[in-house]
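Peer 1: I would like to see how this sequence folds:
(chains A and B)
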Amino acid sequence: MNDSLSLIFISTLLTNNFVLAMFLGLCPFLGVSGRLNTAFPMGVATTFVMLVASLCAYGLNLLLTYFNLDFLRLISYIVVIASSVQLVEMVMKKYSPALFRALGIYLPLITTNCAVLGVALFQTARDYNFTQSLAFSLGGGAGFTLALVLMASLRERLQLSNVPTLVQGTALSLILAGLLSLTFMGFAGLGGGG
Amino acid sequence: MSLPNQANDAITFDTFMEGIWRQNPVFVMVLGMCPTLAVTVSAENAMSMGIATTFVLVSSCLLVSLIRNLVPKEVRIATYIVIIATFVTLVDYLIQAVSLKLYEALGAFIQLIVVNCIILGRAEAHASKNPPLKAVVNALGMGIGFTIGLFALGGTREILGAGKLFGMSLFGDQFQPWVVMVLPPGGFFVLGGWLLLFSLLRGRKEARAEA
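Peer 2: Numbering: from 1, shown residues only, chains lettered A, B, ... in the order given. All right, here's what the predicted structure looks like:
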């Protein structure tokens, strides 16, 4: 693929939004999107991890291809992601303990966020070069944050409205996500699709 | 995970059934959503994904359970992840060798089995505390429960969105497919619908228990 940088960015941000079009990173999407003031930092933290993971994955991939060790790719990616999450966790604990407590279990769970591993795997599968990977991971992170913030705002609104008890909880969130996803399909023409 | 941490090693019927019904990963715990929604555009994809996940789940739970007393507590998660990643790589190459068509349909989602919360969740909550045989039985139940969930979703989406099941046309040529069901939003809607159905059933059961 030989896409321009802006095209990659826009398409991962809107057209192929990680959460709403490719179903990556749904666990935090449904888990942390209850409140706006945790949703945004979570998005930023995930974006940062994505960026680090993407850069490391790019370097690792070169190394692995050079030594003909393709089968180790998955294992090494996951180790890289786990360590960058650890890094974010330590930084956050030091500088913003309140936020650290608010995010709770979802912070270490960034490791098992499909979106992060997804970035690393997709950029390898599509043979992106260094700058393209950078644009891809930034777009993916921004898209994730956007979806998370939108969802959190919607759910904060919903807390004030009268919903039948039957629908409350995950079912409602999923239907909301479906509607959001439907809206994002409106961007399909932008950037020439996938 | 609300599993009571009991030290009994007996394998009961519930060890197996837990994953299929009471703690069904798709409908009750709502875990492992990414593959659940992404690959369930057709019943065939859903089944293959379910089987692949079950294989990884059972083998990693077996290994985790075997080494449960050797791994220091601090590095256990990392160890589990590496074990899981190893089995996923195995499955990845296996599917590539057996069916290239399937491999292309599932794409990166085979490798993304690594980050399926169900597997890590089972390894941490069950396999690391129980003897191998029990862990395997439980993992098998979970895997089957996951496969059933995927199949329910994939089947519904394929029937509504393409009028087919396992590629066979069901309604003849007159059928207007409900295309949105095989597109991303349909995944959310169908899973939302199934969850509604389950909470409806649960509500009825509770009402009956109270009456």
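Peer 1: what's the pLDDT at residue A:189?
Peer 2: We have a pLDDT of 68 for residue A:189.
Peer 1: residues near residue A:166, how many?
Peer 2: 13 (other C-beta atoms under 10 Å in any protein chain shown). C-betas here are computed from N, CA, C, even on glycine.
Peer 1: let me see the contact set for it.
Peer 2: Contact analysis of residue A:166 by C-beta atoms under 8 Å, 6 or more residues apart in numbering or on different chains lists B:196, B:199, B:200, B:203.
Peer 1: could you do residue B:88 as well?
Peer 2: By C-beta under 8 Å, 6+ apart, the contact set of residue B:88 is A:74, B:56, B:110, B:111, B:113, B:114.
Peer 1: what's the answer for residue A:138, then?
Peer 2: A:9, A:47, A:51.
Peer 1: and with 10 Å instead?
Peer 2: Taking C-beta atoms under 10 Å, 6 or more residues apart in numbering or on different chains as the criterion, residue A:138 is in contact with A:5, A:8, A:9, A:12, A:13, A:47, A:50, A:51, A:54, A:119.
Peer 1: run through chain B and note the low-pLDDT ranges.
Peer 2: B:1-9 (pLDDT under 70).
Peer 1: now with 50?
Peer 2: B:1-7 (pLDDT under 50).
Peer 1: hey, which helix is longest across it?
Peer 2: With secondary structure taken from DSSP state H, chain B has its longest helix at helix B:132-162.
Peer 1: what do you get for chain A?
Peer 2: helix A:36-66.
Peer 1: endpoints of stretch B:91-106, how far apart?
Peer 2: End-to-end distance for stretch B:91-106, by C-alpha to C-alpha, to the nearest Å: 12 Å.
Peer 1: how much space separates residue B:137 from chain A?
Peer 2: 24 Å (C-beta to the nearest C-beta, to the nearest Å).
Peer 1: shouldn't that residue be in contact with residue B:11?
Peer 2: Yes: with contacts counted by C-beta atoms under 10 Å, residue B:137 reaches residue B:11, the gap being 5.5 Å.
Peer 1: what is in contact with those two at once?
Peer 2: With C-beta under 10 Å, 6+ apart as the test, residue B:137 and residue B:11 both reach residue B:130.
Peer 1: okay, these two: which has more neighbours?
Peer 2: The residue with more neighbours, out of residue B:137 and residue B:11, is residue B:137; 20 against 16, by other C-beta under 10 Å.
Peer 1: quick check: residue B:35 is in a helix.
Peer 2: Yes: under DSSP: H, G, I helix; E, B strand; the rest coil, residue B:35 falls within a helix.
Peer 1: surely it is in contact with residue B:56?
Peer 2: No: the criterion here is C-beta under 10 Å, and residue B:35 misses it with residue B:56 at 11.2 Å.
Peer 1: which residues are in contact with both of these two?
Peer 2: The contact sets of residue B:35 and residue B:56 overlap at B:110, B:113, B:116, B:118 (C-beta under 10 Å, 6+ apart).
Peer 1: please indicate which of the contacts of residue A:166 are buried?
Peer 2: B:196, B:199 (16 or more other C-beta atoms under 10 Å in any protein chain shown).
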